[in-house]
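Participant: Model the following, please.
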Amino acid sequence: GFMKGRVPMNKIFRYEKDLVDTFRKIHSSRRSTLLIDEMKIRWGNIDLVEISNTALPFSKAQCQALSKPSCAKIFMRLKNKRLLSKEKLFVGLGVSESTFHKAMSEMIREKLVIREGNNYRRNVNFVFPKVIITGYEAKLTDYSKALYQARMNKEYVDYSYMVFPMDVAENIAKKHGETLVSFNLGLIGVSQEKVKVYIRPRKNESMKPYIRLMNLVISSEAYNEEAAS
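Facilitator: Numbering: from 1, shown residues only. This next block holds a predicted model:
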């Protein structure tokens, strides 16, 4: 039980948004990374995504094109210098022929891709920047929902964390610590003044290159909007 007069942490944060905002404020004061709320990378959004490096050689319109999975997939297959045939690009891509052509014409229009006959190459010399992508799923109390979402996020991030008020996080660490470690998920507790990492995950090796590219261009769009506002 709680000592008399002590407010349980999960009552300090009335709403999930308060928890996210407090975490964001304490966390970003120590880092020079970009934090994006409600990242639209998966169906249902990720509460908070942190990206360590967003220097990209793309315009806003190019970012918008590459935030579409079909464009991102094709762009990652293309080479900077060498021409590839349509057949080579298309096989095993997992999109329909009409989607392929639509994506291609959009990327040619936005000067991301050059077409020569039936062959294509990138028009932008692109080398992946060294980048770390971390996802945070914040909940006031709902462990099973946070667990489900944090596991789903693993496909889209290098490190996937669950974030709870400090006392809730402490209980979860005691009760479910082994489960989280086995799923390779991190756990963070937040109070008004501090952020404590209870469990650090290992880096996921499962993120597909085109998803990493989408993360980058979506965050770069968000970054440019923030800078412009």
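Participant: Distance of the residue lying closest to Leu78 once chain neighbours are set aside relative to Phe58?
Facilitator: Nearest residue to Leu78, sequence neighbours excluded (Cβ to Cβ, 6 or more residues apart in numbering): Arg122, at 4.8 Å. Just so you know, the C-beta spots here come from the backbone N, C-alpha and C atoms, and that holds for glycine as well. Arg122 sits 11 Å away from Phe58, going by Cβ to Cβ, to the nearest Å.
Participant: any residues in contact with both of the two?
Facilitator: The contact sets of Arg122 and Phe58 overlap at Leu112 (Cβ atoms under 8 Å, 6 or more residues apart in numbering).
Participant: need the helices for this protein, in chain order.
Facilitator: 9-12, 16-28, 60-66, 69-77, 86-90, 97-109, 143-153, 166-182, 209-228 (DSSP state H).
Participant: picking that back up, does the residue nearest to Leu78 touch Met76 like I think?
Facilitator: No: if you go by Cβ atoms under 8 Å, Arg122 and Met76 don't touch, sitting 9.9 Å apart.
Participant: what's the closest of the helices of the chain to Phe126?
Facilitator: helix 69-77 (7.8 Å; Cβ to Cβ).
Participant: dump the residue contacts of Met104.
Facilitator: Counting by Cβ under 8 Å, 6+ apart, Met104 has contacts Ile74, Val113, Arg115, Tyr120.
Participant: count of residues packed around the second one?
Facilitator: Put plainly, it is Val113. 22 (other Cβ atoms under 10 Å).
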